[in-house]
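> one predicted model, sequence on top.
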There are 2 protein chains.
Amino acid sequence: MTAETHLFWHEELPFAMSKTSWVPVVWLHSTKALLQVTVEDFEVVCKGLYRALCIREKYMQKSVQRFPRTPSQYLLCPVVYSPLGPVFTPPVKDGQDPFETGNLGEDLGYHVEMKDGVVYIYGDKAAVGRKEPKDLPYPCLEHFVDDMNFLLALIAQGPVKTYAHRRLKFLSSKFQVHEMLNEMEEMKELKNNPHRDFYNCRKVDTHIHAAACMNQKHLLRFIKKSYRVDADRVVYDSKGKQLTLQQLFQQLNLHPYDLTVDSLDVHAGRQTFQRFDKFNAKYNPVGASELRDLYLKTENAINGEYFATIIKEVGSDLEDAKYQYAEPRLSIYGRSAEEWHKLASWFNRHRVYSPNMKWMIQVPRIYDVFRSQKFLPHFGKMLENIFVPVFEATVNPQTHKELSVFLRHITGFDSVDDESKHSGHMFSTKSPKPEQWTSEKNPSYTYYIYYMYANILVLNNLRRQRGMNTFLFRPHCGEAGAITHLLAAFMTADNISHGLNLKKSPVLQYLYFLAQIPIAMSPLSNNSLFLEYAKNPLPDFHQKGLMVSLSTDDPMQFHFTKEPLMEEYAIAAQVFKLSTCDMCEIARNSVLQCGLSHQEKAKFLGESYQEEGPQGNDIRKTNVAQIRMAYRYETWCYELNLIAEGLKAE
Amino acid sequence: MTAETHLFWHEELPFAMSKTSWVPVVWLHSTKALLQVTVEDFEVVCKGLYRALCIREKYMQKSVQRFPRTPSQYLLCPVVYSPLGPVFTPPVKDGQDPFETGNLGEDLGYHVEMKDGVVYIYGDKAAVGRKEPKDLPYPCLEHFVDDMNFLLALIAQGPVKTYAHRRLKFLSSKFQVHEMLNEMEEMKELKNNPHRDFYNCRKVDTHIHAAACMNQKHLLRFIKKSYRVDADRVVYDSKGKQLTLQQLFQQLNLHPYDLTVDSLDVHAGRQTFQRFDKFNAKYNPVGASELRDLYLKTENAINGEYFATIIKEVGSDLEDAKYQYAEPRLSIYGRSAEEWHKLASWFNRHRVYSPNMKWMIQVPRIYDVFRSQKFLPHFGKMLENIFVPVFEATVNPQTHKELSVFLRHITGFDSVDDESKHSGHMFSTKSPKPEQWTSEKNPSYTYYIYYMYANILVLNNLRRQRGMNTFLFRPHCGEAGAITHLLAAFMTADNISHGLNLKKSPVLQYLYFLAQIPIAMSPLSNNSLFLEYAKNPLPDFHQKGLMVSLSTDDPMQFHFTKEPLMEEYAIAAQVFKLSTCDMCEIARNSVLQCGLSHQEKAKFLGESYQEEGPQGNDIRKTNVAQIRMAYRYETWCYELNLIAEGLKAE
């Protein structure tokens, strides 16, 4: 440390660290000078932020999701529920069959019934009448709305906004100073770290849709290959008329040999910018929904065989690449109660398994479409279709073997759709209950999110009781639309995809930082849909210390090369000028964020990965410099400590 | 065409075109209103631009390089020399040996001698004394300096600057309007074009250095593999002491197993920005020049075997990718007369051949380094070392068989070094002749360029006479430094690499457009060295209609993925939002620019590829829309026609 840098030790660092030559960025300052808020305001702000963090902690713990320990240690948030974390299915052992149906668990004989949009568990059917559900945590709508209203007020409060804005600005500048002082030292650590580099540290594609997980060239090759092999096979049912692959292509006036990525037309271009509707249409190869049905769907005349094969090819590419993992989303629409069983049957029949893939379920928010087509009487039915089958399989795996096996491979739920579509509805205690939501209008984002969360909460507690794996709630959030989306996810989601709109709310952005909520960002996807690459907030969030990872979203639409995740990292590295340490930190974040099992995370990140701060980092596995980890942890603790000081003042 | 667009047909298009629905962008305007220059100025400007184009035409034709026909047609430039183009070696036929030494040609018995930095050919030694060189075109320094001074004045002339600036601005806007009107039509053409898309249209990496043509991961894997196989092999001569690979690594205190891309440290990072010196040091793996000598050099204790093997692996990857080609540069330093024979011997010994590679020779501008170390008495000696062996092999291939075979695979010369290093010297007729250049100072860029051009001119004419392949002059130019570099290349170079500084001179930029001088751009390289990605002029040049291609420069330092050229295209497509048509146009430019043979170009672009305008485009091969080609040609002709009008006014 030199006089030139004007830096001085401020206080003891809150953790032990082996001696390195890094220079902590700690200014000599009076708290007041730095904050530029009045003492009274400061107290109000700290109380507000404190309560916000307590709210998130409560909702996370209640739903068997994650909340870091450090904020609780600083702020002594009351731990209401047991702090047990989520349960992930351990990796399939050598010789073990990923589809085995032994040890699925006995029938508990419970009765499952939805009321006001939430599934309740009863000892038997008679208990329903007695209103005596099993003793499990259930959600409370009134409390939720209270908490939500508190947060809504908080993020609009002047002093809180000023404070959060200033702290975020400070975090940016502090990181820049850190870089200037320590960049070469970080690099030196990495150079001295044998055998591990960015290429062989684990990275997880934390946000990818199964129906677009192959790139356009891969899909094209697959279509051509299928035609060479299967031209005479009956593959399509056109209103009762059986068509061979050849006949299908004839009907479309196409020959696969002539097909190109241009005529396939599944790639997003300049035309899709700010046009989510056009983007969705890109899922239809050659604009023909028939080809989408045949190649990218699980239910069709060939039982989704092609789709399963393509996905397994993607899985096998990941296995070849060895250090890359993906978390593809499969859809459950909630249109009928049969969907789960059909999807599980597809999964088991085609043995859609890769050790490098963890599965998620995405639920499109398209009640309005189904309702207007009279597929559903009310929103409650959609929720029933989505959740009741899962509860039933959880209660009695024996009569739902395929679904139970499938659920073992599922690690979470996603909520998806165009967030830029405005919904007039404002969620409150007076909102119609799902069973009363019979209008053709779509419920708001928050309404969807609450009911998904509410059911996952009950489900996770039931499954944890049974020793089964639990699910994370990981909605798309903040890609566009109102910032209330990001508020709803702050209360309910273990982690989110996108998060672009955190740009627009300093308070939420600061809270996402304080609670270290993981954000799977996809700047290439954003570049085609909502935000130019150079304007993407990823580097800004990363500098401030938000926990960001990189993901591809839809390789079919956005990527050009054979390794879409590497393409995503390479472009970010080039355009945002990320250092190796930055890239490896982002890769480490992706492993922490994802649904890989405890065993896998321990193997990929080191045994202590659950420790927060530098103690949780094993540079030999992650290639993240300890200096960086220490900086991040010191910075986080410093911000939490400020809030703790504000609370003490009371 | 709608009233809304305010566009009207202005005149007949200067070419026949099959009926399509594209909308030509032609404004209704008076010439004067558009030009905003006075009539007198306009005439002066046109005369100046006309003379500039005539100068380039003269220097290109005299040196057996290329100049398009369209400007001559519009401007009736006097064709002084025969318009025969360059000669490229035809592709190796099936069953033919690329290293065969039959038909190399007889000994002509000529005598070769350098005078004033230029090689002259004499019937025999006696003719030297009589000052009677063979009847070949020789360069004339006085004329060159005259022409150069004219151009120097031209690019600084106020009205010419204004005119060029306005025309370039107009070209930008015109392209944007073209896109708005015709983008969907262009896309429709491509969709209807069977079998061909961006992936299977040919693209050439027009600028890549052999010593960095593998990516960092490839080099790392190669080093590890070599150690597994060759640990006990003597591979290094350390001041007379023979070292095995194991001993070499022990001496460096390294074990290959521990090596990572971080410790290898050959990748450019934020540290290299504006630091070409640091960048050059990155060629040393682990900072050890021993490893550079062993793995990336042609002369060492194992006769450059490792280097040859790595290059052949890159070649084989290109062959697998099928549609990608590369033009790697090998170095001739001019330090000794033996270099050519050693390099040719390496090339033949290891049979460094791939059908997907065309070779170039790069000459680093480091006379000052050699002179200060007393390796050279004067600059003339360096030129002698570079050119005399090539002339001798051309005159008598029989006594220089290996070199003659090697030259058959060479397609051009490059001139390389840090352009940002300022040279105080100003090239003029009073400059010392190369033999008198004994100072330790480096000659200027222009001085180097002139003497390379001068010798290539004589060499090409001699070789064409003999039916041998000729060489293109393709220097690095305009990556940094003074704009005079771009002026020198305008006079002497068939095409250039980089061209960034055309940003700074509207007149030169406009002349590069008018003469359609190909520019191999490397935005990822620039991003690490001289210019942020988002600020790269590539999309701007491309819109205006300059003939740009994409190239990687140094995959080892700049790229992350297994397919560096695809990475380069993918990032450009994403960040600059290029359309498929843009990408395919750039790929087509790369084939036109490169040193592939006539036969290969005809195969990859269509038989009529030498025609200018849409007639020269075969969409079935190139996937470039005819609408785009018509737009480009119409626009080019329009600009040339304006100049022709200005000349008529005289």
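In hand now; what should we look at?
> what's around A:Lys297, how many residues?
Using other CB atoms under 10 Å in any protein chain shown, the number of residues around A:Lys297 comes to 17. C-beta coordinates here come from the backbone N, C-alpha and C atoms, glycine included.
> quick one: contacts for it?
Going by CB atoms under 8 Å, 6 or more residues apart in numbering or on different chains, A:Lys297 touches A:Ala211, A:Gly304, A:Phe307.
> check A:Tyr609 too.
Going by CB under 8 Å, 6+ apart, A:Tyr609 touches A:Val591, A:Leu592, A:Lys601, A:Ala602, A:Gly616, A:Asn617, A:Asp618.
> show the contacting residues for the third one.
Listed by CB under 8 Å, 6+ apart, the contact set of A:Lys601 reads A:Val591, A:Leu592, A:Tyr609.
> cutoff 6 Å now
A:Val591, A:Tyr609 (CB atoms under 6 Å, 6 or more residues apart in numbering or on different chains).
> any idea how far A:Asn200 is from chain B?
Going from A:Asn200 to chain B by CB to the nearest CB, to the nearest Å gives 8 Å.
> ugh, wrong one, A:Pro71
Separation of A:Pro71 from chain B (CB to the nearest CB) stands at 33 Å.
> number of residues surrounding A:Asp618?
Applying other CB under 10 Å, we find 19 residues neighbouring A:Asp618.
> same question, A:Glu40
So A:Glu40, with other CB under 10 Å, has 10 neighbours.
> helix or strand: which one has it?
helix A:39-62 (DSSP states H and E).
> list of residues touching that helix?
For helix A:39-62, contacts defined as CB under 6 Å, 6+ apart pick out A:67, A:71, A:75, A:77, A:80-81, A:83, A:137, A:147, A:151, A:154, A:159-160, A:163, A:490-492, A:511, A:515, A:643, A:646-647, A:649.
> give the contact list for A:Leu318.
By CB under 6 Å, 6+ apart, A:Leu318 lies in contact with A:Gln324, A:Asn356.
> what does the closest residue to A:Asn200 other than its chain neighbours show for phi and psi?
Once flanking residues are discounted, A:Asn200 sits nearest to A:Tyr323: 5.4 Å by CB to CB, 6 or more residues apart in numbering or on different chains. Taking degrees, to the nearest 10, you get phi -100, psi 10 for the backbone angles of A:Tyr323.
> so A:Tyr323 touches A:Tyr199, yeah?
No - checked against CB atoms under 6 Å, the pair A:Tyr323 and A:Tyr199 is beyond contact range at 7.0 Å.
> could you pull out the strands for the stretch 501-650 of chain A?
Secondary structure of the stretch 501-650 of chain A by DSSP state E, counting those that start in this stretch: the strands cover A:519-521, A:548-550.
> ok, now which ones touch A:Gly545?
Taking CB under 6 Å, 6+ apart as the definition, contacts of A:Gly545 comprise A:Leu171, A:Phe513, A:Arg632, A:Thr635.
> if we can go back for a sec, next step: the contacts of helix A:39-62 restricted to strands.
In strands, defined here by DSSP state E, there are no members of those.
> how about the residues of chain A that lie near chain B?
A:190-191, A:194-195, A:197, A:199, A:217, A:258, A:260-263, A:270, A:524, A:527, A:533-534, A:560-561, A:566, A:570-571, A:574-575, A:577, A:580 (CB under 6 Å from any CB of the partner chain).
> A:Phe513 versus the closest residue to A:Arg275 other than its chain neighbours, what's the distance?
With sequence-adjacent residues excluded and distances taken as CB to CB, 6+ apart, A:Arg275 is closest to A:Leu529, at 7.9 Å. Here the criterion is CB to CB, to the nearest Å. By it, A:Leu529 lies 25 Å from A:Phe513.
> looking at the two, which one has more neighbours?
Each of A:Leu529 and A:Phe513 has its neighbours counted (other CB under 10 Å); A:Leu529 has more, 25 against 22.
> pLDDT at the more buried one, what is it?
Note on A:Leu529: pLDDT of 91.
> pick out the residue in the stretch 301-450 of chain A sitting closest to chain B.
Here the stretch 301-450 of chain A gets closest to chain B at one residue, A:Ala321, 10.0 Å apart by CB to the nearest CB.
> backbone phi and psi for A:Ser415, please?
Note on A:Ser415: backbone dihedrals following degrees, to the nearest 10 are phi -120, psi 120.
> which residues does it bridge with?
A:Val363 (DSSP bridges).
> that one contacts A:Pro475, correct?
Yes - with contact defined as CB under 6 Å, A:Ser415 counts as touching A:Pro475 (3.9 Å).
> what sits against A:Ile63?
For the record, residue A:63 is Ser, not Ile. By CB under 6 Å, 6+ apart, A:Ser63 lies in contact with A:Leu457, A:Asn460.
> tell me which helix or strand the residue lying closest to A:Tyr257 once chain neighbours are set aside sits in.
Sequence neighbours aside, B:His195 is the residue nearest to A:Tyr257 in space, at 6.5 Å (criterion: CB to CB, 6+ apart). In the assignment (DSSP H and E), B:His195 maps to no helix and no strand.
> isn't B:His195 right up against A:Asp258?
Yes - using CB under 6 Å, B:His195 is in contact with A:Asp258, at 5.4 Å.
> before we move on, back to that, tell me how many other residues crowd the residue nearest to A:Tyr257.
B:His195 has 13 nearby residues by other CB under 10 Å.
> can you list the weak-confidence ranges in chain A?
Counting by pLDDT under 70, the low-confidence segments of chain A come to A:1-36, A:77-83, A:650.
> most centrally placed residue in it?
Geometric centre of chain A, nearest residue: A:Arg474, 3.6 Å, by CA atoms, centre = their mean.
> on that earlier part again, JSON lines please, covering the strands of the stretch 501-650 of chain A and showing mean neighbour count.
Formatted as JSON lines, the strands of the stretch 501-650 of chain A follow (neighbours: other CB atoms under 10 Å in any protein chain shown):
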{"stretch": "strand A:519-521", "mean neighbour count": "29"}
{"stretch": "strand A:548-550", "mean neighbour count": "27"}
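> turn those strands into TSV, including distance to B:Leu502.
Shown next, in TSV, are those (distance: least, CB to CB, whole Å):
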stretch	distance to B:Leu502
strand A:519-521	36
strand A:548-550	35
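> thanks again, I'm all set now.
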